[in-house]
Structures are given as C-alpha cells and as structure tokens.
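Peer 1: how would this look folded up:
(one chain, ligands or ions: 1)
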Amino acid sequence: MIEINYRREKKPLPVQNAIVEIGFGNGDFLLKHAMENPDRFHIGFEISGISISKIVKKAKRLGLSNLRVARIDAYWGFYLLLRNESVETAYMNFPDPWPKKRHTARRLTNLENLFLFHSRIKSGGALVLKTDERFFVDYTIENAQEMGGWRWELEENAISETPTKYEKKWIQQGKTIYRLILQKAGQPSKEIKIRHLKEVSEVPHMKTETPRFYPEELPGKVFRLPNTTVAKFFNLWRRDEEYLLETLLVENGYEHYFMTRFRRKDGKWVIGVSPFSEVLKTEGIRDLVLWLSGREL
Ligand SMILES: C[S@@+](CC[C@H](N)C(=O)[O-])C[C@H]1O[C@@H](n2cnc3c(N)ncnc32)[C@H](O)[C@@H]1O
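Peer 2: As a prediction, this is how the structure comes out:
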C-alpha cells in the first residue's frame, strides 16, 4: 500500500536514510525524486486528501515501490512515523508562508517543528527549504540559530531541475527563489518543549450503571478534560439500544474524529469507540472513555 494507514500500522517505520517531502502538493517533485533514486525510501506528508489520492494513482501507474505517503500534519508524521536519525534529507518546497504575525505559530519551520525535524534527521543530513519569501528564510534562520545544532547555506535563484508547481508560478512572476539548506551539525544548544502523544495498546469498552452523562445530554457540548484534551460532541444517532455520537477530541493539537458508542447491555451502559471508527489509540481517547463512564482522571 502506498498510503500509510498510520492509525493501524506499526510505528515508527523501519526506515533509514529516508527522503521526506513535507507538503508535496501535486507530488511531481517527490515522484521524480523517487524514480531517480530507487535505492532510497521516500515518504511524503500532506494534509490535503486530494494531493494524496493523486500521488497514489501516479505512483501506482509508475510502479514505484520506494514511496509511501501519509495524510497527516508533518509534525505528527515526523513524531509518530520516523525514528531518530532516520532521515537523510527532508524537503520543504514552498510551504504556506503565513505572513501575519498572529499566524507565526502555524509556520512549518517554527521552533517546535525544527526541533523535532532535527531529532529525526541523521547527523550530516539536511532540511532543504525552498521559498520565494525572504521573511520566511529569515524567520527559519533565526529559529535554527536559537535552537542550535544546524549549519546553513543560502542560495538565491538556485536553478531547479524539478521545479514544483509553485516554483514555476513564482519564476514566471519574476520572483527570487531562495534555497536554504539547514544541515544537522551537532546537538541543539537549547531544549525546546515539544508536544507528545502517548499511544496505548487498547482503548477499553467501559461497563457502568452510572455514566457521567447519558448520550442525549452530549450533542453540542464541549469539555476541557483534566488531562488537557478538549472534547466536542456533535450529532447523535440512535438505533434500538445503541447510540453513536460524533466526537472531536483535540489532544495536544492532534485532532481525533470518531464515533463514541453508548450501548445498553444487561441493564448497563457500555461506552467505547465504535468499532467502525479507526482511531490512533492514545491516552487521550482512553481517558475520554474512562471519563464518560464516570471514572475520575
Ligand atoms: C503552497 S503549497 C506547495 C505545494 C508544493 N510543495 C509545491 O511547491 O508546489 C503548500 C502545501 O503544503 C501542504 N501543507 C500545509 N500544511 C501542512 C502540514 N502541516 N503538514 C503537511 N502538509 C502541509 C498543503 O496542503 C499544500 O499542499
């Protein structure tokens, strides 16, 4: 399977010297790189479902066996799927620049991301950024300098053999194209706090006579749980003695979307995640089920 089902798959992936592209868009750069480097394993992270289906189709047509992609935020892709020191080069081509000050945290080269990418990149490996935005280059260098452990090189209008869709567009408009190569050189001089997700082997189905809420009480409600996750409940469907409740759980910025199931059995409530919802089994989901069943966290 070209698409990584990271909710089910054994993680991290057993790869070494991997080539990663963050936000590959139409996928042309990654596909060409994978074709030209059959001895390297390639991984792409994208949040756009359309980009994922397009690259999967193209990779199948090309018969590529050294490429896998995941629909996941690059932060969690690196966090969950890659081992420390397993990446040779991570490419980031024309990321959304998020120019407004209030959106700075969304930039893909924020301190937290850079710190995580650094841990997954092998010594001597690199993060290669291309952008047409000078402020984005400066922002990235400032962060690299602040955390330490990087050496960098900046080129202007470096001619690309494989211009991406955005690169072609900016070249046509006469913009300067920057290529910033951040090479891993030693350990960071500063510890940056990063978000974590703890996986658990099982999310239980809890039996109780006294749930914290009955299912009819939950649609439209939002709760901040003691473990700092936020749970929001939307629609409720009932079929006989079974209730399915649309649920969004935000755990350290990771969004789980699934159906919580309440079932009546032998005079009790059984609460858990619907077997038709494929979730990343984490402490956050387990705790939500425990909390809904009335347990204190
Ligand atoms: C401006 S486009 C550039 C696409 C392509 N790299 C190119 O140069 O043509 C940015 C891409 O990054 C993806 N993206 C944005 N945030 C992301 C994230 N946190 N993780 C993974 N991909 C992301 C978007 O879906 C989009 O496809």
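
Peer 1: hey, let's count contacts and neighbours off CA atoms from now on
Peer 2: Noted.

Peer 1: Quickly list the domain ranges of the protein.
Peer 2: 18-184, 206-292 (automatic domain parsing).

Peer 1: of those domains, which approaches the ligand most closely?
Peer 2: Closest to the ligand of the domains of the chain, according to CA to the nearest ligand atom: domain 18-184, at 3.5 Å.

Peer 1: what mean pLDDT would you report for stretch 199-206?
Peer 2: Average pLDDT, stretch 199-206: 96.

Peer 1: Ends of it, what's the gap?
Peer 2: 19 Å (CA to CA, to the nearest Å).

Peer 1: Around Asp266, how many other residues sit close by?
Peer 2: 7 (other CA atoms under 10 Å).

Peer 1: go on, Thr210?
Peer 2: 12.

Peer 1: likewise Glu36?
Peer 2: Glu36 has 10 nearby residues by other CA under 10 Å.

Peer 1: ok, now Arg224?
Peer 2: Count around Arg224 with other CA under 10 Å applied: 12.

Peer 1: Columns distance to the ligand on top of the domains of the chain, output as a markdown table?
Peer 2: Output for the domains of the chain, formatted as a markdown table (distance: least, CA to the nearest ligand atom, whole Å):
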| stretch | distance to the ligand |
| --- | --- |
| domain 18-184 | 3 |
| domain 206-292 | 11 |
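
Peer 1: can I get those in TSV with distance to Asn5?
Peer 2: Compiled in TSV, those are given as follows (distance: least, CA to CA, whole Å):
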stretch	distance to Asn5
domain 18-184	7
domain 206-292	10
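
Peer 1: Looks like Arg263 contacts Leu245 (just checking).
Peer 2: No: if you go by CA atoms under 8 Å, Arg263 and Leu245 don't touch, sitting 11.2 Å apart.

Peer 1: What pairs with the helix or strand where His256 lies, parallel or antiparallel?
Peer 2: Assigned by DSSP states H and E, His256 belongs to strand 254-265. Strand 254-265 has the following sheet partners, assigned by DSSP bridges: strand 242-251 (antiparallel), strand 268-273 (antiparallel).

Peer 1: Pretty sure Asp138 sits in a helix.
Peer 2: Yes: per DSSP: H, G, I helix; E, B strand; the rest coil, Asp138 lies within a helix segment.

Peer 1: Let me know the pLDDT of it.
Peer 2: So, for Asp138, pLDDT stands at 98.

Peer 1: what does Asp132 give?
Peer 2: Predicted confidence (pLDDT) for Asp132: 97.

Peer 1: The closest residue in space to it that isn't next to it in sequence: what's it in contact with?
Peer 2: The shortest distance from Asp132 to any non-neighbouring residue, by CA to CA, 6 or more residues apart in numbering, is to Ile177 (4.7 Å). Contacts for Ile177 (CA atoms under 8 Å, 6 or more residues apart in numbering) come out as Lys130, Thr131, Asp132, Glu133, Glu156, Asn157, Ala158, Glu167, Trp170, Ile171.

Peer 1: sec struct for the first one, please.
Peer 2: Spelled out, that is Lys130. Lys130 ends up strand, using three-state DSSP.
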